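Trainee: What follows is a predicted protein model with its sequence.
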Amino acid sequence: MQSGLGKTDKWIIEFETSDSGINPLMGWETSTNTLSELNLEFSSKEMAIDYAKKNKIDFEIIEPKKRKINKKSYADNFLK
């Protein structure tokens, strides 16, 4: 099985949850900070950095890992 490459060209700003807890009624994880539910997508790294700087958001850049692609043929299953 192979993983797809859909939506891998986007840069995302995710906010960290700082004050999570357990909801006493349902038992689910909850937070009073609604920013933890928000993800912002940008088409380039520079646009994401500019947005974070304009809005005074502390950020950490996590570069995507290089994928090693092994091309395989269906016939290889029977040749070994």
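Mentor: The structure has been received and is ready for your questions.
Trainee: Determine the longest helix present in the chain.
Mentor: The longest helix of the chain (DSSP state H) is helix 45-54.
Trainee: I would like the residues contacting the helix or strand following that helix, please.
Mentor: Following helix 45-54 in sequence order, the next helix or strand is helix 76-79 (DSSP states H and E). Residues outside helix 76-79 that contact it (C-beta atoms under 8 Å, 6 or more residues apart in numbering): none. For every residue, glycine as well, the C-beta is placed using N, CA and C.
Trainee: repeat for stretch 19-38
Mentor: 15-18.
Trainee: how about that stretch as PDB, C-alpha atoms only?
Mentor: The C-alpha trace of stretch 19-38 is given here as PDB (Å, rounded to 0.1, in the frame of the first residue of the first chain):
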ATOM      1  CA  ASP A  19      -4.800  24.200  29.200                       C
ATOM      2  CA  SER A  20      -6.400  20.900  28.400                       C
ATOM      3  CA  GLY A  21      -8.500  19.000  30.800                       C
ATOM      4  CA  ILE A  22     -11.300  16.400  31.100                       C
ATOM      5  CA  ASN A  23     -14.900  17.500  30.600                       C
ATOM      6  CA  PRO A  24     -16.700  16.200  33.700                       C
ATOM      7  CA  LEU A  25     -20.000  15.600  31.900                       C
ATOM      8  CA  MET A  26     -18.800  13.600  28.900                       C
ATOM      9  CA  GLY A  27     -15.300  12.600  29.900                       C
ATOM     10  CA  TRP A  28     -13.800  14.100  26.700                       C
ATOM     11  CA  GLU A  29     -10.700  16.200  26.500                       C
ATOM     12  CA  THR A  30     -11.600  19.800  26.600                       C
ATOM     13  CA  SER A  31      -9.900  23.200  26.500                       C
ATOM     14  CA  THR A  32     -11.000  26.800  27.200                       C
ATOM     15  CA  ASN A  33      -8.600  28.000  24.400                       C
ATOM     16  CA  THR A  34     -10.600  27.700  21.100                       C
ATOM     17  CA  LEU A  35      -7.400  28.500  19.000                       C
ATOM     18  CA  SER A  36      -6.400  24.900  19.500                       C
ATOM     19  CA  GLU A  37      -9.300  23.900  17.100                       C
ATOM     20  CA  LEU A  38      -8.000  26.200  14.400                       C
END
